[in-house]
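*Asks:* everything below, folded, please.
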Amino acid sequence: FSGDGTFTGTYDRVTPDIREGLTITEGRDGAQQLSPPKMQEGEFPLRNERGAYSQENASSPVYQQVLPGKPVQYQASHGERRTYRSHTLWRDHVYYRGKGVWPLGRHVIRDISQTTAIGQRQVQIDTIGYETVLGRAPITVPLMTAPRIDQCVSAILDKVSWPTDKRDIAIADTTLLYWWCDERDPWAALLELTISEGPGTFYVDRDGVFRWENRNYRTVATRSNTSQATFWDRQFGNRTAWRSHVLWRDHRLYRGRTSSLTIENFSYDPGFRSIYNRATYTTRRRQTAGSVSVIWSYGSALTLSAGQVQTLFVRPADLFTEAVSPVLTTDYTTTSAVTIELTYTSGFLAILRITDGGGGATISNLQLRAKAITVVSETTVQNAVDASLSIATFSPIPGADIPLTYQVQGWPEIAPEQAQGVCDAWVLRQQYPRPIITFTVQNSNGENLEQILSRRPSDRVTLIEGNSGLNGDVWINAIERRIEGAQGRTAKAVYS
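*Replies:* Numbers count the residues shown, from 1 in each chain. Here you go, the predicted model:
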């Protein structure tokens, strides 16, 4: 509750006060590759019979400390502590000292609500991932020329002071002509950049690492191109009679059943509504002027009182570069001494900070000079990859060969050939049905629990389900973890 993120305070551990469990979500905002990334979210109710978490209770030891923005750390532990014994052989399913601890996420408090009815006195805490810093305040990034998309992503993270050791950013497959960020929400800018890359994604994992995946990440990353686990809709293996000469082992199921990862609440959507066999992308080309010229003027006299500081946010009609700080007589005249400072020499935004010299001044004919970067053409491109079979098969009007078009709402400052590559990537991924699957894993055994706590978005797993006939690999796009029951004895993960 101190807000320092160490969680060592006397009242920082709230697990004993949690009633009815907690829920944590991460990954995409849906089960499809087309679904956008979302911030981690969590929620849990705290018992409040004595008013320990009440906002108005001045006698509470955490009075006025249960506030939005305070850090929250989610962890899960399993097993019982024991001292090391040499006769206990090491096993990968036996945790160090008998107890395993998994981080489930670092969040901050987003909202607080209270219920005071007798028998239901509790405080509901809603949390959001630490990545909320990417949506709190707009940022400005100066003009970048010919950047890869991952370099733009890094520039955004630099602006919000995201720790460099908490980043895992893949090298992008797309290079832009220009990129800048003009007083924009960082999260919105990241979404647009990721769409411009193709079927990639980004998220913050349970260790607080920002992960950005390019459009081919799932093709080359081992955890995405090789199944990490196989889940069944039932246990498998043949029963065997008990034999006294077979010693009991905690990893051998009763009567010889072979251990298996089991699922429940399986749902299947064939995914016909997410078919796209044509993609388009509207691009824009610009040309940089050969010399500096006037790109903006104030348009009237500007009067400052003695010692006044005036800040102007300059937005010219065109993109610009190599802006020149205003020069006396050339770019303005004044009745008394002033100083003018220029911030941002490129992009769509420049900031002029004008300070009076002490006696008051009237400034006339104020202007800004730079090299204008003007639009010379707009072109819409489409995929080059052949999707004719898909078009013929899934045409809305049978026999009419009408394509299902996905309009890429990406950053427009991109060369047509780069945009075509993005369109190809989307069509290759979406021209045939991609089933939308949701299933739940419960901690019925230690192996299931390990999967609940360790899986993350973009992991590849194998599903075998008899009624649907599914026997194949899927990617995890979204995860919802639930800890329920007395003392959190029931753990579930809903994957989609």
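
*Asks:* so where's the stretch 351-496 of the chain uncertain?
*Replies:* Segments of the stretch 351-496 of the chain classed as low confidence (criterion: pLDDT under 70) are 485-489.

*Asks:* what confidence value was assigned to residue 26?
*Replies:* Residue 26 carries a pLDDT score of 86 in this model.

*Asks:* next one: the residue nearest to residue 406 when sequence neighbours are not counted from residue 140, what distance?
*Replies:* On the basis of Cβ to Cβ, 6 or more residues apart in numbering, the spatially nearest residue to residue 406 that is not a chain neighbour turns out to be residue 276, at 3.7 Å. In this view, the C-beta of every residue, glycine as well, is placed from N, C-alpha and C. Between residue 276 and residue 140 the distance is 34 Å, computed by Cβ to Cβ, to the nearest Å.

*Asks:* now do residue 167
*Replies:* 21 Å.

*Asks:* likewise for residue 354?
*Replies:* The span separating residue 354 from residue 140 equals 19 Å under the rule Cβ to Cβ.

*Asks:* ok, the two, which is more surrounded?
*Replies:* residue 354 (21 against 17; other Cβ atoms under 10 Å).

*Asks:* the more buried one is in contact with residue 314, isn't it?
*Replies:* No. Distance between residue 354 and residue 314: 11.4 Å, which falls outside the contact criterion (Cβ atoms under 8 Å).

*Asks:* strands along the stretch 351-496 of the chain, start to end?
*Replies:* For the stretch 351-496 of the chain, the strands identified by DSSP state E, counting those that start in this stretch occupy 361-364, 367-382, 405-408, 436-442, 460-465, 470-475, 478-484, 490-495, in order along the chain.

*Asks:* can you lay out these as a markdown table showing mean neighbour count?
*Replies:* Below are the strands of the stretch 351-496 of the chain laid out as a markdown table (neighbours: other Cβ atoms under 10 Å):
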| stretch | mean neighbour count |
| --- | --- |
| strand 361-364 | 17 |
| strand 367-382 | 16 |
| strand 405-408 | 18 |
| strand 436-442 | 20 |
| strand 460-465 | 19 |
| strand 470-475 | 15 |
| strand 478-484 | 20 |
| strand 490-495 | 20 |
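
*Asks:* to residue 46, which of the ones you listed lies closest?
*Replies:* Comparing the strands of the stretch 351-496 of the chain by their distance to residue 46 (Cβ to Cβ), the top pick is strand 478-484, with 14.0 Å.

*Asks:* any idea how far residue 354 is from the residue nearest in space to the middle of the chain?
*Replies:* Centroid check for the chain by Cα atoms, centre = their mean gives residue 203 as the closest residue, at 3.0 Å. Counting by Cβ to Cβ, the separation of residue 203 from residue 354 is 43 Å.

*Asks:* nearest to residue 208, out of the strands of the stretch 351-496 of the chain?
*Replies:* Per Cβ to Cβ, nearest to residue 208 of the strands of the stretch 351-496 of the chain: strand 478-484, 16.0 Å.

*Asks:* now the closest one: how far from the chain's centre is it?
*Replies:* Strand 478-484 sits 17 Å away from the centroid of its parent chain (Cα atoms, centre = their mean, to the nearest Å).

*Asks:* can I get it in CSV, CA atoms only?
*Replies:* The C-alpha trace of strand 478-484 is given here as CSV (Å, rounded to 0.1, in the frame of the first residue of the first chain):
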residue,chain,number,x,y,z
ALA,A,478,-6.1,-15.1,-24.9
ILE,A,479,-6.0,-16.4,-21.3
GLU,A,480,-8.3,-16.0,-18.4
ARG,A,481,-7.0,-17.4,-15.1
ARG,A,482,-9.3,-17.9,-12.1
ILE,A,483,-8.4,-18.8,-8.6
GLU,A,484,-11.5,-20.0,-6.7
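
*Asks:* partner strands of that strand and their direction?
*Replies:* Pairing partners of strand 478-484, with direction, according to DSSP bridges: strand 22-27 (antiparallel), strand 490-495 (antiparallel).

*Asks:* distance to residue 186 for those - can I get that in JSON lines?
*Replies:* Formatted as JSON lines, the entries for the strands paired with strand 478-484 read as follows, by distance: least, Cβ to Cβ, whole Å:
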{"stretch": "strand 22-27", "distance to residue 186": "19"}
{"stretch": "strand 490-495", "distance to residue 186": "28"}
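
*Asks:* and residue 346, its phi and psi?
*Replies:* As for residue 346, its main-chain torsions (degrees, to the nearest 10) stand at phi -150, psi 160.

*Asks:* what about it, how many residues nearby?
*Replies:* 20.

*Asks:* how close does it sit to residue 414?
*Replies:* Per Cβ to Cβ, residue 346 is found 18 Å from residue 414.

*Asks:* likewise for residue 379?
*Replies:* Where residue 414 is concerned, residue 379 sits at a distance of 10 Å (Cβ to Cβ).

*Asks:* quickly list what's touching both of these two.
*Replies:* residue 283 (Cβ atoms under 8 Å, 6 or more residues apart in numbering).

*Asks:* so what's residue 127 bridging to?
*Replies:* Once the bridges are assigned, which here means DSSP bridges, residue 127 pairs with residue 42, residue 109.

*Asks:* surely it touches residue 72?
*Replies:* Yes. Counting by Cβ under 8 Å, a contact exists between residue 127 and residue 72, whose distance comes to 4.9 Å.

*Asks:* which residues do the two both contact?
*Replies:* Common neighbours of residue 127 and residue 72, counting by Cβ under 8 Å, 6+ apart, are 42, 107, 108, 109.

*Asks:* can I get these in TSV including distance to residue 307, neighbour count and pLDDT?
*Replies:* Written out in TSV, the entries for the shared contacts of residue 127 and residue 72 read as follows (distance: Cβ to Cβ, whole Å; neighbours: other Cβ atoms under 10 Å; pLDDT from 0 to 100):
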residue	distance to residue 307	neighbour count	pLDDT
42	50	22	92
107	45	26	92
108	40	19	91
109	42	18	92
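
*Asks:* please consider this matter closed, and thank you.
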